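Novice: Got a predicted structure plus its sequence, pasted below:
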Amino acid sequence: MASRSQLASIVGSATLRRGGNAVDAAVAVGFALAVTHPSAGNLGGGGFMVIRMADGTIAANDHREKAPTGATREMYQDADGEVVRGLSTASHLAVGVPGTVDGLLSALEKYGTMSRREVVQPAINIARRGFVLSRDLAESLASVHAKFAKYPASAKQFANKDGTPYEPGDVFRQGDLGATLERIRRDGRAGFYEGKTANLIVAEMQRGGGLISAADLAEYHSVWREPIVGSYRGHEIVSMPPPSSGGVLLVQMLNMLEAYDLGAMGFGSADAIHHVIEAERRAYADRAEHMGDPDFYPVPVAMLIDKSYARQRFLDFDPERASQSSDIGAGAIPPAESPDTTHVSVIDQDGNAVAYTTTLNLSYGSKIVAQGTGFLLNNEMDDFSSKDNTPNAYGLIGREANAIQPGKRMLSSMTPTLVVKDGEILLATGSPGGSTIITTTMQVIMNVIDHGMSVSDAVGRPRFHHQWQPDRVIFEALGFSPDTLAVLQTRGHVNQVRARFGLGDANSVMRTKEGFRGMADPRNEGGAIGVNSMGTR
Ligand code: DON
């Protein structure tokens, strides 16, 4: 198994060693990440879990946050209709109704084999006893120290008693979080959505002018959805359906690219990159128009993942020349049909597989710890379109399909994905990275299928990203040769930017002839543990 946190991966592999299956391990890791990786691991956020059991059963748990009942379409706009900066990311109004606890417990109940105690206890132990801060986490906490200072409970949770930032090597204990996890261990979902934890969340909302009510919490339930299933060069792709755009866009882009021999063009060649960018440009245009919560908006999923739709959508592709995003609209619906995140991959010895992506949205979410609970609240509301065609934190735009409505889930890009070959699990993958999640996940998959790479190469190799608007290509620094970039310039990809950080963090597990091999993305700290695992042991 592979995750962003070495300690969480130890919890996961110990769960497998004690006889748990991949779902038990993923749930235990989910709770552990809330303790060991607080920028994205969470109790106060949401996520998606894609499961494939060894018997071929597939399932997707949607525990995405929901807009509170009091939310309104224009809640982030001022009297002139201008979006107020920061309101959807750095305020109590930014917080969606959290889904993680219901989702993890529901997955455990449906597909796990262990008791709640067995999967929650390791997280409680780490929270109560504390763990030694790595340089990575200490520096990360220090970088948000000033933002936490605005909220007394956050400042207390993430700094020394005298208010100074933690340093690498300090022991980080989280007593309030341990107590919240104990209530979950004892009472299950009621330990979070009712009683003391719920009261503390509501009190925090009232203190800071947020909207989440006791009824919003009591009524929150995760949803089991049919996974998106596509195919790519003889492999089955199983991924997350709406309210994530991830699975749909992944399959749509792979459908567009299937007609071209990317393997022969070669990894990192200007030719292959050009093809991929053009598929990305068209798919992300469709995202902005067509995608949102399927419980509120008729997302044309069947059309978007149809192979003939992809062929027709790619008809204006010019192998020699970049299109202009301003010339690319969304695909029309035929009249008949009208109207800071983290990824975990687990495969157990029987071949049960889980791809799990979870998030508070931006790193450390809203930065608000609900006083007394020890956990951070998300700022997922920013994933809604606050106003038509106005970019969110990831530069993504949207319209009606993803407009705010009470009880609606905001559109996501999270793409937990399983790849199946000849009826057997081949790869579990996915990534954080906002809008770049989908293109990161796709590149890992193409690296395996088109370029025949090992999982370590597939995850480690440099990545690039395009999302229609803004019309630019982001390249990982030092990842691509200057002459490749120059060839792309001559083909019209003139707006090239270098990523300031690595794109994504695609912790993955793959089947090989010698057994399952895990790879923690080398871009960040993390751990891959298990038989034949690569990366940190
Ligand atoms: O659901 C989404 O698409 C975003 N909230 C994900 C945020 C994310 O990946 C941040 N991490 N880098």
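Specialist: All right, it came through fine.

Novice: How many neighbouring residues does the closest residue to residue 405 other than its chain neighbours have?
Specialist: If the residues on either side of it in the chain are set aside, residue 405 comes closest to residue 296, at 5.7 Å by Cβ to Cβ, 6 or more residues apart in numbering. For every residue, glycine as well, the C-beta is placed using N, CA and C. Counted with other Cβ atoms under 10 Å, residues neighbouring residue 296 total 17.

Novice: So residue 296: helix, strand or coil?
Specialist: Secondary structure assignment for residue 296 (DSSP: H, G, I helix; E, B strand; the rest coil): coil.

Novice: For it, report the pLDDT, please.
Specialist: If you check residue 296, the pLDDT there is 98.

Novice: burial of residue 424, as a residue count?
Specialist: Counted with other Cβ under 10 Å, residues neighbouring residue 424 total 12.

Novice: any idea how far it is from residue 351?
Specialist: 6 Å (Cβ to Cβ, to the nearest Å).

Novice: what does this structure put close to the ligand?
Specialist: 340-341, 359, 361, 380, 383, 412-414, 432-434, 437 (Cβ under 6 Å from any ligand atom).

Novice: Inside helices: which ones of the residues you listed?
Specialist: When DSSP state H is applied, the residues of the chain next to the ligand are split such that residue 437 fall in helices.

Novice: Nearest to residue 519 among the residues of the chain next to the ligand?
Specialist: residue 432 (15.5 Å; Cβ to Cβ).

Novice: and the closest one, what does it touch?
Specialist: Residue 432 makes contact with 4, 40, 340, 341, 342, 343, 357, 359, 504, 505, according to Cβ atoms under 8 Å, 6 or more residues apart in numbering.

Novice: Would you pull up the residue in the stretch 201-350 of the chain closest to the ligand?
Specialist: residue 341 (3.0 Å; Cβ to the nearest ligand atom).

Novice: so how many other residues sit close to that residue?
Specialist: 28.

Novice: residue ranges with poor pLDDT in the chain?
Specialist: For the chain, residues meeting the criterion pLDDT under 70 lie at 332-339, 531-537.

Novice: okay, which residue is most central for this protein?
Specialist: residue 414 (3.6 Å; Cα atoms, centre = their mean).

Novice: Now do the same contact list for it.
Specialist: Shown in contact with residue 414 (Cβ under 8 Å, 6+ apart): 47, 48, 240, 244, 246, 341, 357, 359, 430, 437.

Novice: Quick check: residue 295 vs residue 446, distance?
Specialist: Here residue 295 is placed at a distance of 32 Å from residue 446 (Cβ to Cβ).

Novice: Counting neighbours, go ahead and name the busier of these two.
Specialist: residue 446 (22 against 16).

Novice: Report the secondary structure element holding the more buried one.
Specialist: Per DSSP states H and E, residue 446 falls inside helix 436-449.

Novice: cool, residue 459 as well?
Specialist: Assigned by DSSP H and E, residue 459 belongs to helix 455-460.

Novice: Mind giving me the packing neighbours of that helix?
Specialist: Judged by 3 or more Cβ pairs under 8 Å, 6 or more residues apart in numbering; DSSP states H and E, the packing partners of helix 455-460 are helix 436-449, strand 508-512, strand 515-519.

Novice: Next secondary structure after the last one?
Specialist: Which is strand 515-519. Following strand 515-519 in sequence order, the next helix or strand is strand 527-528 (DSSP H and E).

Novice: Partner strands of that following strand and their direction?
Specialist: strand 2-3 (antiparallel) (DSSP bridges).

Novice: now the strand it pairs with: how far from the chain's centre is it?
Specialist: Remark: strand 2-3 is offset 14 Å from the chain centroid, using Cα atoms, centre = their mean, to the nearest Å.

Novice: Quick one: list the elements packing against the helix or strand just after it.
Specialist: The helix or strand immediately downstream of strand 2-3 is helix 6-17, counting by DSSP H and E. Judged by 3+ Cβ pairs under 8 Å, 6+ apart, helix 6-17 is in contact with strand 2-3, helix 22-36, helix 116-129, strand 342-347, strand 527-528.

Novice: who does the nearest residue to the residue nearest to the centre of the chain once chain neighbours are set aside bridge with?
Specialist: Nearest residue to residue 414, sequence neighbours excluded (Cβ to Cβ, 6+ apart): residue 357, at 4.1 Å. Listed by DSSP bridges, the beta-bridge partners for residue 357 are residue 48, residue 343.

Novice: from what I can see residue 357 touches residue 437, true?
Specialist: Yes. The criterion here is Cβ atoms under 8 Å, and residue 357 meets it with residue 437 at 7.5 Å.
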